[in-house]
Structures are given as C-alpha cells and as structure tokens.
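A.B. asks: What shape does this take:
(one chain, ligands or ions: 3)
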Amino acid sequence: MLNTKMNLRFILGDQLNLKISSLSGADPKQDIIFMSEVWEEATYVKHHKKKIAFIFSAMRHFAEELKELGYKVIYTKLDDINNTGSFYEEVKRTIKVCSPDKVIVTEPSEYRVLKNIKEWHLNIPLEIRLDNRFLCSHDEFSNWAKGRKQFRMEYFYREMRKKYHILMADGKPEGGKWNYDSENRKPPKEGLNIPVTYTSSPDHITSEVINLVSERFGDHFGDIEPFYFAVKRKQALQAFEKFIEERLLNFGDYQDAMIEGEPWLYHSHISFYINIGLLLPLECIQAAEEAYRSNMAPLNAVEGFIRQLIGWREYVRGIYWLKMPAYEDENFLEAKRKLPELFWGGGTQMNCLRQCVKETKENAYAHHIQRLMVLGNFALIAGLNPDEVNEWYMIVYADAYQWVELPNVTGMILFADGGVLGSKPYSASGAYINKMSDYCKGCQYKVNKKNGSDACPFNYLYWDFLIRNEYKLRGNQRLSLIYRTLERMGEEKVQAVKEDSLRFFNALEEGTVV
Ligand code: FAD
Ligand code: DLZ
Ligand code: SF4
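C.D. replies: Ligands and ions are numbered 1, 2, ... in the order given. Presented below is the predicted three-dimensional model:
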C-alpha cells in the first residue's frame, strides 16, 4: 500500500549521520527533514566560539548533503528573521508551515533536552527513537549494572568486547590479556616525531559561520581562528584515516604523555566528530582492529584505543542515564571553592595549568591526561565546586555534551559521586606531572620542593586534600596505604602543608596570580 503519511524528521545538531534512527525509512518524496540553529542551545552555557562554529558549520553541511540526496530540508539559521530561538517553538512553527502527520526524532543525547521534548504539546504524534549510534542500549546497561555493588569499567568493557567480537580469538581476548596498559603510558622522550594533525581550510559555508559566531558570540571564551576542524563526514573520515596511518602505532606508548607546545600528540582527535555523528564509533573500532590484523599497529596501542571507545565512552554514557537527574547535583566531598580566573586564561605561574588552559582556549581541545591529571587534578585537590567545574568543561571543549562531560567531571575527576564511576580519586602530586610531561622545566615553582612559597603547589595541596577529606576518604581501601603514610608524617610537616595550602587558597581568593 502506498504510504501517504508525511513525517517531519527533526535532526539535532549532534545527530549528523545518514544512518541516524530518525532517518530510517525516510521517504524523500514525502517527508521533510528539519534542522534548526537555536539561540537557546547556543547559550544555555557560553560555549567556546570554535565549538559553536564547528556545530553550525557541520549542521549546514549535513543539510546540504541531505538536499543533494534529494531530501526536502527545512533549515533555520540562527539569524533568520523568524527564528524563535528554541527547539519547541521552531518545531511548532514548522508544523504550521508543512502540516505533517507525525514528528520523528532520535532521542537527544542529553537529559535536559529529552525532558524538554517529552513535555511538548504538538497536537500530532511525536515518535522518539532510540539512538542507534551507541553500542550499549539503556536497558542493556541497566541490566549489567543491576545487582552490582560496584561498577567497574574494566568488567563492562570485557562484556562489550565479547558482544561485538572485537579483538577476540576463539572466545578469548586477543593475545591472552584483556588490557595491555602495563605496556603503555611511557613518559615523553626527546626527539619524538609527532605527525601533524588533520586540518581543513574553511569553505564559504564555514566562513559565513565564523563571521556569524564572531558577531553574535564575541564575548564567549576561546579563539575562533584559525578554524581547521573537519565539518563534513568525508573530511572526518580523512582525519580518522590519518590517525590510523600515522599515529595509532604510538597511541598506547604516549597516551599519558604531555609535551609543551604539542597539543595533539598521538591521540586521535575524533571525539568531536564522533559526538556529532560525522563518524560512527563502531566503524572506528573496526578500523583500528583491522590495523592490528594487518600489522599496521601493535596490540597494546590498538587495544588501548579500542578500550576508550567501546569501554569508557559507552560506560560513561551508561552511568549518565542510570544516574540522571540526581547525578547533576552530586557533591560527595562538599567542595565549595569558586573556579579561579586562571581557568579563563587569567594567568598563573603554574606552567602545567597555563599550558593546558592556553591550548584549550586555542583549540577547544585538550587531550585526556591534560583534562584529567592537570586541570582535573587541580580542581579536585583545590576543592573546586562541582557545578562550576562542570560548567567550565561543558563550555570549553568542542566535544562536550552533558552525557559525556558530566560523568568525566563529577565521577572521574572530582569523585563527587562518592565512587560510582571510579574506585578512588585521581589525585596526584607534582611528581606525576613531572614524570609525564616537560612542563616543570619551564615553571617558576620547584617540583622537587614539598613546602615553602616556591614549592610546587600540587605537592602540598595533594596532602591538604587528603587531610581535609579524611572523614570521607579514610574508609576507601585503595587509599589505605596513603593514609598510613600520612599517619607517619610528623606534626611539623602536616602543619607546613596546612600553612602552605592556606596561603595558596588566600592568594587564589584575593585574585593574586598564583
Ligand atoms: P583519544 O585519546 O584518541 O581517545 C579515543 C576516543 O575514545 C575519544 O575520541 C573518545 O571518543 C573516547 N574516549 C576516551 N576517553 C574517554 C572518556 N573518559 N569518556 C568518554 N569517551 C572517551 N570526552 C568527550 O567526548 N567529551 C567531553 O566533554 C569530555 N570531557 C572530559 C572531561 C574530563 C574531566 C575528562 C578527564 C575527560 C573528558 N572526556 C570527554 C574524555 C576524553 O578526555 C576525550 O574524549 C578525549 O580527550 C578526546 O580526544 P581524542 O579524540 O583525541 O581521544
Ligand atoms: C551544542 C549545540 C549548539 C551550540 N547549538 C545547537 C543548535 O543550534 N541546534 C541544534 O540542533 N543543536 C545544537 N547543539 C547541539 C545540541 O545541544 C544537542 O543536539 C543536544 O543538546 C543533545 O541533547
Ligand atoms: Fe605544574 Fe608543579 Fe610542575 Fe609547575 S612544578 S609545572 S605547578 S607540576
């Protein structure tokens, strides 16, 4: 029978893939595809300029691709005269114009937007479809989590490897081990030959968007130019291929390394492309496995990379949907300190923080260890308020959406969930940063000094954090050794830690450059 129903297929800015579930069964002759740049989404936090430009440009390119494939597309640009500024009003306006029988949308990636959509009154049916890009459904994750006292990524990851037959040999993990991290995470060495990352030049669509963002979002954080991200699937595939061919080989070895002036290292730089749909996680995982099978990259590198995608990425999403909305308000350690100006480029003498903020401002990107062990570690041991830290991470990274940002910040760096996502806080002193980077060489502070005004602040803040939070953390088995060391620390030393930390925090509050 001929289908005479007309569907309005609403595609959000992070759903830019032809295989997205909301397009499944689409009839180019009947259906209308709707996309909209809305003020509400662009400003609910003051996103980095590069992030907004990237999303708008990728949306506009995707709309063009759909038109070339013969689809009817209605697209509202941010500065269209009739743009009402919100998803709800824009969808209602479009319904009035084209009178569809039904609206179809793939579930939004964020709780905030899903809640909003569920409250819409459209007077026609609204079908919300599951997001088929993710490899673990909400139900599967809940079933995995059910009855477990503790969630641990490593066990989830093994299930996912088995489910998708990734790096498996006769039902066992390839090479005999599930995880090859003991071979990874080498400190950086002199003279590494780091390949340049993918860049593209802005075309007329991107140039128009850059002008729009400069005009309308001039007061947002971050540098808009140079703009070099891929904005079309074809380009994102090239960027990913470049990673497979040139950097995957060393991904494991230097996964945790940090080098001044080298923001990209051997990472893949695909999170922003995957998160908006330009790349699909499974195709990236399978391509990496193929690189191993064809001897292009060693197992430690390939397993490490695949674990990030099929393990961590799916795991944090699972935790997010399992724990929302309460997860947003978690503050297990009752951290209250305001986010200092240095996070906005306000200046600091701590070279590691200065470099990571500078690169974040320039690129809307920092790699995992910069986010975790420099910026995140500081936020944790300085006791920064989780709401402010979460907002900062949501703003500054081009790959930030709450489903992935919140668990990484609240769970992974701040331990604000009390140990749901990870088993212990990732706190570390300056020694870790010194081992894994060359930042300390260019720092005014002395990484080997434990106390005094020229000592590395990470050194005394690390102990002060443990002292301040002893009543919450003492019972944690994985911290028992550290607390025993603290017990053996003389009263004089403890006093010095407290005094140095107090001096540091006072300076921070007064706005003095620390
Ligand atoms: P690679 O190092 O090459 O890793 C490959 C891929 O694995 C990434 O592209 C990403 O898709 C996935 N991945 C790796 N680690 C994680 C992780 N912990 N959680 C989820 N996916 C992961 N990632 C985001 O996509 N958006 C965020 O908003 C975000 N916020 C973060 C905040 C903090 C405090 C921390 C510690 C991590 C955060 N991450 C976030 C995870 C990770 O840092 C980035 O995914 C990664 O740095 C992106 O760079 P890449 O593509 O070069 O990653
Ligand atoms: C991040 C973002 C921004 C800045 N702007 C838009 C927009 O104008 N239109 C749109 O459809 N999506 C945008 N996005 C991505 C959305 O925030 C994302 O799709 C939802 O938050 C997912 O829940
Ligand atoms: Fe960072 Fe301390 Fe090293 Fe300075 S000395 S770069 S503050 S770890």
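A.B. asks: Enumerate the residues of the stretch 251-400 of the chain near ligand 1.
C.D. replies: 267-271, 274-275, 305, 308-309, 312-313, 316, 367-368, 371-372, 376, 393, 397, 399-400 (CB under 6 Å from any ligand atom). All C-beta spots, glycine's among them, are computed from the backbone N, C-alpha and C.
A.B. asks: Swap in 8 Å and give it another go.
C.D. replies: 251, 255, 264, 267-272, 274-275, 281, 284, 305, 308-309, 312-313, 315-317, 365-368, 371-372, 375-376, 393-394, 397, 399-400 (CB under 8 Å from any ligand atom).
A.B. asks: contacting residues for the residue nearest to M59 when sequence neighbours are not counted?
C.D. replies: In space, and not counting its chain neighbours, M59 is closest to G13: 5.3 Å by CB to CB, 6 or more residues apart in numbering. By CB atoms under 8 Å, 6 or more residues apart in numbering, G13 lies in contact with M35, E37, E41, I55, F56, A58, M59, I276.
A.B. asks: Give me the pLDDT for G13.
C.D. replies: For G13, the pLDDT comes out at 98.
A.B. asks: what's the answer for L2, then?
C.D. replies: L2 is given a pLDDT of 52.
A.B. asks: any idea how far ligand 2 is from the residue nearest to M59?
C.D. replies: Separation of G13 from ligand 2 (CB to the nearest ligand atom, to the nearest Å): 2 Å.
A.B. asks: and D399, backbone torsions?
C.D. replies: The phi/psi pair for D399 (degrees, to the nearest 10) reads phi -100, psi 10.
A.B. asks: Just give me the neighbour total for it.
C.D. replies: 19 (other CB atoms under 10 Å).
A.B. asks: That one touches H269, doesn't it?
C.D. replies: No - taking contacts as CB atoms under 8 Å, D399 lies outside contact range of H269: 9.4 Å.
A.B. asks: Overlap of the contact sets of those two?
C.D. replies: Y365.
A.B. asks: Show me which residues of this protein sit near ligand 2.
C.D. replies: 11-15, 35-42, 44, 47, 51-52, 55-56, 59, 78, 87, 108-110, 112-114, 276, 401-403.
A.B. asks: buried subset of those residues?
C.D. replies: Neighbour counting by 16 or more other CB atoms under 10 Å classes 11-15, 35-38, 41-42, 47, 51-52, 55-56, 59, 78, 87, 108-110, 113-114, 276, 401-403 among these as buried.
A.B. asks: So which of the residues you listed sit within strands?
C.D. replies: M35, S36 (DSSP state E).
A.B. asks: Return the subset of the buried ones among the residues of the chain next to ligand 2 lying in helices.
C.D. replies: 41-42, 51-52, 55-56, 59, 87, 113-114, 276, 402-403 (DSSP state H).
A.B. asks: just for this protein, where's the confidence low?
C.D. replies: 1-3 (pLDDT under 70).
A.B. asks: That one: strands as residue ranges?
C.D. replies: Using DSSP E, strands in the chain cover 7-10, 32-36, 72-76, 102-106, 126-129, 168-169, 172-173.
A.B. asks: so who does R474 touch?
C.D. replies: Y483.
A.B. asks: Show me where the stretch 51-200 of the chain has its helices.
C.D. replies: Using DSSP state H, counting those that start in this stretch, the helices of the stretch 51-200 of the chain run over residues 87-98, 111-118, 138-145, 153-164.
A.B. asks: The second one vs helix 87-98, what angle?
C.D. replies: Using axes from the mean of the first three to the mean of the last three CA atoms, to 10 degrees, the interaxial angle of helix 111-118 with respect to helix 87-98 works out to 40 degrees.
A.B. asks: is it true that S268 touches R247?
C.D. replies: Yes - S268 is within contact range of R247, at 7.1 Å (criterion: CB under 8 Å).
A.B. asks: Make sure P407 is actually in contact with E314.
C.D. replies: No - with contact taken as CB under 8 Å, P407 and E314 are classed as non-touching, separated by 11.3 Å.
A.B. asks: neighbour-wise, which of the two wins?
C.D. replies: P407 (26 against 21).
A.B. asks: Next, find the distance separating the more buried one from ligand 1.
C.D. replies: For P407 relative to ligand 1 (CB to the nearest ligand atom), the value is 7 Å.
A.B. asks: So that residue versus ligand 3, what's the distance?
C.D. replies: Distance from P407 to ligand 3, by CB to the nearest ligand atom: 26 Å.
A.B. asks: Now do the contacts for that residue.
C.D. replies: P407 touches V316, R317, I319, Y320, Y327, L421, counting by CB under 8 Å, 6+ apart.
A.B. asks: ok, 7 Å please
C.D. replies: By CB atoms under 7 Å, 6 or more residues apart in numbering, the contact list for P407 reads V316, I319, Y320, L421.
A.B. asks: I'd like to know how many residues surround the first one.
C.D. replies: What it means is V316. 19.
A.B. asks: wait, it sits on L406?
C.D. replies: No - here V316 does not reach L406: they are 8.4 Å apart, not a contact under CB atoms under 7 Å.
A.B. asks: Contact partners for the residue of the stretch 251-400 of the chain found nearest ligand 2?
C.D. replies: Residue nearest to ligand 2 within the stretch 251-400 of the chain: I276 (7.5 Å; CB to the nearest ligand atom). With contacts defined as CB under 7 Å, 6+ apart, the neighbours of I276 are G13, D14, L16, I55, A58.
A.B. asks: which residue sits closest to E245, ignoring its sequence neighbours?
C.D. replies: Nearest residue to E245, sequence neighbours excluded (CB to CB, 6+ apart): M296, at 7.5 Å.
A.B. asks: And for that neighbour, the neighbour number?
C.D. replies: The burial count for M296: 15, using other CB under 10 Å.
A.B. asks: Distance-wise, check F54 relative to ligand 1.
C.D. replies: Shown here: F54 relative to ligand 1, a distance of 13 Å by CB to the nearest ligand atom.
A.B. asks: Now do the same contact list for that residue.
C.D. replies: F229, V231, F272, A398.
A.B. asks: again, only this time at 6 Å
C.D. replies: For F54, the contact set (CB atoms under 6 Å, 6 or more residues apart in numbering) comprises F229, A398.
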